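*Asks:* Pasted the sequence and its predicted model underneath.
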Amino acid sequence: MEKKFENLPTHIAIIMDGNGRWAKERGLKRTEGHKVGAEVFRNICQYCAEIGVKHVTFYAFSTENWKRSKLEVTAIMNLFRRYLEEMQERYLENEEAGYRIRFLGSREGMPKDLLKMMDTVERKSADKTRININLAVNYGGRDEIVHSVRGIAEKVKAGLVSVDDIDENMISQGLFTAGQPDPDLIIRPSGEYRLSNYLLWQSAYAELYIDDVLWPDYTPADLDRAIEEYGRRNRRFGGV
Ligand code: IPE
Ligand code: IPE
Ligand code: MG
């Protein structure tokens, strides 16, 4: 595909929200919305790779989403399991597509079989460079910062780091996104004006784009609109 955008964000982060409302509008169960949402996730991944986005992060399940019914949580975990199985079954296709896949989030509370598959998928795709796809599962921005700070505290305790050495970079390096650029653009479909604990540290200077479309209806044309709007923003980073 030829170059489509003058100003393409290096890193786009998406909050995949609105599955439940989408299903309700149609008289379906919430889980049906998640099922369609998972398909949309696959399409948007592919589209991001096509237009040349280098990093894309999807919010799939938050540390707060465990509050939902057991039925809904299980359905979401099963969809995730299906995705991981597919990644392994279609290993050669993914190899060709050049997807590097990484998971952001806490391992605590996650089903063991999923953790094992996540490790395999990450390991097997680690040398791919076309696009880096992060899937935030059991992810919370505050939890992530606590995780980083604990790691630093351990190093201080062991005498490897002095308190004066602690800086922003050290905290960044302890996050799940260590070594990756911060998001340039955060997109939230479904019309909610909040971050819901998403990439709190990394979003410091991200451009925010709220869309009314519900995630299961989200299309590449919607992403195009967000990227075009991003291209018109004036990012100052505190300067003039
Ligand atoms: C996003 O859709 C998926 C998850 C949070 C797992 P929701 O399930 O939050 O959908 P709404 O917001 O209830 O419509
Ligand atoms: C954020 O959506 C989490 C994901 C999309 C995975 P929520 O639906 O959980 O957020 P709130 O509850 O509306 O803030
Ligand atoms: Mg929601």
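*Replies:* Here it is on my side, so go on. Ligands and ions are numbered 1, 2, ... in the order given.

*Asks:* Which residue of the chain lies farthest from its centroid?
*Replies:* For the chain, the C-alpha lying farthest from the average C-alpha position belongs to Gly159; by Cα atoms, centre = their mean, that distance is 34.4 Å.

*Asks:* measure that residue to Gly105 for me?
*Replies:* Counting by Cβ to Cβ, to the nearest Å, the separation of Gly159 from Gly105 is 30 Å. Heads up, the C-betas are built off the backbone N, CA and C, glycines and all.

*Asks:* coming back round to it: let me see the backbone angles for the residue farthest from the centre of the chain.
*Replies:* phi 80, psi 20 (degrees, to the nearest 10).

*Asks:* Contact partners for it?
*Replies:* Applying Cβ atoms under 8 Å, 6 or more residues apart in numbering, one finds that Gly159 lies in contact with no residue.

*Asks:* Distance check, it against ligand 1.
*Replies:* Using Cβ to the nearest ligand atom, to the nearest Å, Gly159 is found at 42 Å from ligand 1.

*Asks:* avg pLDDT for stretch 180-192?
*Replies:* Stretch 180-192 shows a mean pLDDT of 98.

*Asks:* And for stretch 218-228?
*Replies:* What stretch 218-228 shows for mean pLDDT is 98.

*Asks:* how near is whichever residue of the chain sits closest to ligand 2 to Arg90?
*Replies:* With Cβ to the nearest ligand atom, the shortest gap between the chain and ligand 2 falls at Ser196, namely 3.6 Å. The gap separating Ser196 from Arg90 is 31 Å, by Cβ to Cβ.

*Asks:* What of Ile152?
*Replies:* Taking Cβ to Cβ, one finds Ile152 at 39 Å from Arg90.

*Asks:* which is the next helix or strand following the lowest-mean-pLDDT helix or strand in the chain?
*Replies:* Ranking every helix and strand in the chain by mean pLDDT, DSSP states H and E puts helix 91-97 at the bottom, with a mean of 88. If you walk from helix 91-97 toward the C-terminus, the next helix or strand you reach (DSSP states H and E) is strand 99-104.

*Asks:* what sits against the residue in the chain that ligand 1 sits nearest to?
*Replies:* The minimum distance from the chain to ligand 1, using Cβ to the nearest ligand atom, falls at Gly20 (2.7 Å). Taking Cβ under 8 Å, 6+ apart as the definition of contact, the neighbours of Gly20 are 30, 33.

*Asks:* hang on, it in a helix?
*Replies:* Yes. The assignment for Gly20, made by DSSP: H, G, I helix; E, B strand; the rest coil, places it in a helix.

*Asks:* At which residues are the helices of this protein located?
*Replies:* With DSSP state H as the definition, the chain shows helices at residue ranges 19-25, 30-51, 70-89, 91-97, 112-125, 141-157, 168-173, 220-232.
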